[in-house]
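> structure for the following, please:
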Amino acid sequence: MANTAAEPRNRPIHVLIAGLLHPGLMQRLEGTYATSRLWEQSDSRAFLAEHGARFEVLATSGAIGADKMLIESLPNLELIASVGVGVDPIDLKTARNRGVAVTNTPNVLNGCVADAALGLLLGVARRIAEADRFVRAGDWATEKFPLGTKVGGKLCGIIGMGGIGREIASRVVACGMRVAYHGPTPKSDLPYEYYGSIIDLARAADVLVLSLPGGGKTRHIVDPRVLEALGPHGILINVARGSVVDEDALVSALANGEIAGAGLDVFENEPHVPPSLIALKNVLLTPHIGSGTKETREAMAHLVLDNIGALARGLPLISPV
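Predicted structure coming up:
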């Protein structure tokens, strides 16, 4: 509802920054509000015990999160403003029980994450990273580079057909691929075939792209059975959460030729990647850069600031979870 009264005055807001965020966002948060950096405190528990009551806002990210202990250490907390779409590292139950609102940054990153997924798909299928190393090593003068795989005409199975999944679909269709998908329920506005079973989708697909939420309900949803169904010519792309894939099973499948390759932007224990995964030649690895463009990170920062600004002015939050 439009506010016809005079615009509310900003009230003082104190922001606790949980961890290192995008530099531009950090600069604007610290230039606008009274802030403290939690991760720089020598004893974070002692700091929270002494100063926790000062903060109305916790600024965090989908990678850093906010656990029960942290939320309960902030008795006057009103808002957890998170950078990113995923909120699985945030204890939403504790936040709800405490009456704390949670916001994230949906939609503004859909296109860039989809671009990253397509880049990984093409990179694995056409062996682009391998080809780069081949040229740099000087092997081109004496050897023929191995052939890649054409993506046109292949079936791309997408698990998670939200905003990012839809953007991925439009991009792979432009490359001549067919699309099918799996999610909790079929979507009536989509022209793509729906599979109620992940294993059935993996069995039908040439490429399986993951763009679903993380959390307990989706942990290791891609397990040895799904990888076996994807088969020795199949490619796995993950721009979702590392937790949705059984990483040990994936390493085994890649090493034993049970699937052809994988492109991964996310990992189970980021930023630590298993040496056994790094050693494989048929996997393309990127450091969680799905939304990592200047333009998208700027849009995400604006949305975080807009949500905190709305709280300060007594206005509805822009993107509540």
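> okay, CA-based contacts and neighbour counts for the rest of this
OK.
> now do the helices in the stretch 101-250 of the chain.
Taking DSSP state H, counting those that start in this stretch to define them, one finds helices in the stretch 101-250 of the chain at 110-125, 128-136, 163-174, 198-204, 224-230, 247-255.
> wait, which of the ones you listed is closest to K68?
Nearest to K68 among the helices of the stretch 101-250 of the chain is helix 247-255; the distance by Cα to Cα comes to 26.7 Å.
> what lies in contact with that closest one?
For helix 247-255, contacts defined as Cα atoms under 8 Å, 6 or more residues apart in numbering pick out 223-224, 227-228, 259-262, 267-268, 276-277, 280, 282-283.
> distance check, the residue of the chain most remote from its centre against A129.
Centroid-distance maximum for the chain: T142 at 41.2 Å, with Cα atoms, centre = their mean. T142 sits 19 Å away from A129, going by Cα to Cα, to the nearest Å.
> domain ranges for this protein, per the record?
Following automatic domain parsing, one gets these domains for the chain: 14-108+294-313, 110-285.
> what's the average pLDDT for the first one?
For domain 14-108+294-313, mean pLDDT is 96.
> now do the end-to-end distance for it.
One end of domain 14-108+294-313 sits 14 Å from the other (Cα to Cα).
> and H272, bridged to which residues?
Applying DSSP bridges to H272 yields these beta-bridge partners: N269.
> could you report the distance from it to V266?
For H272, the distance to V266 (Cα to Cα) stands at 10 Å.
> which one of these two has more residues nearby?
V266 (24 against 9; other Cα atoms under 10 Å).
> distance of that one from V273?
Using Cα to Cα, one gets 9 Å for the distance from V266 to V273.
> so what's R225 up against?
I199.
> let's see it at 10 Å
198-199, 202, 249 (Cα atoms under 10 Å, 6 or more residues apart in numbering).
> same list, those, but as JSON lines with neighbour count and pLDDT please.
Formatted as JSON lines, the contacts of R225 follow (neighbours: other Cα atoms under 10 Å; pLDDT from 0 to 100):
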{"residue": "I198", "neighbour count": "21", "pLDDT": "98"}
{"residue": "I199", "neighbour count": "20", "pLDDT": "98"}
{"residue": "A202", "neighbour count": "31", "pLDDT": "98"}
{"residue": "A249", "neighbour count": "17", "pLDDT": "98"}
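> could you dump those into a markdown table and include distance to G119?
Compiled in a markdown table, these are given as follows (distance: Cα to Cα, whole Å):
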| residue | distance to G119 |
| --- | --- |
| I198 | 23 |
| I199 | 25 |
| A202 | 20 |
| A249 | 24 |
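> distance to S319 added to the domains of the chain, as TSV?
Shown next, in TSV, are the domains of the chain (distance: least, Cα to Cα, whole Å):
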stretch	distance to S319
domain 14-108+294-313	5
domain 110-285	14
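> ok, now how distant is the nearest residue to L92 once chain neighbours are set aside from G216?
Using Cα to Cα, 6 or more residues apart in numbering and skipping the chain neighbours, the partner closest in space to L92 is V102 (7.8 Å). Distance of V102 to G216, given as Cα to Cα: 19 Å.
> do you know the pLDDT at R9?
62.
> mind starting the numbering at 11 from now?
Got it, the first residue is 11 from now on, which makes the last one we talked about R19.
> any buried residues in stretch 173-188, and which?
Residues of stretch 173-188 classed as buried by neighbour count (16 or more other Cα atoms under 10 Å): 173-179, 181-183, 185, 187-188.
> my read: I328 touches A111, true?
No. Counting by Cα atoms under 10 Å, I328 does not reach A111; the two are 11.3 Å apart.
> now do the shared contacts for the two.
In contact with both I328 and A111: L321, using Cα under 10 Å, 6+ apart.
> touching, E153 and F144? I think so.
Yes. Using Cα under 10 Å, E153 is in contact with F144, at 9.2 Å.
> neighbour count winner among those two?
F144 (15 against 9).
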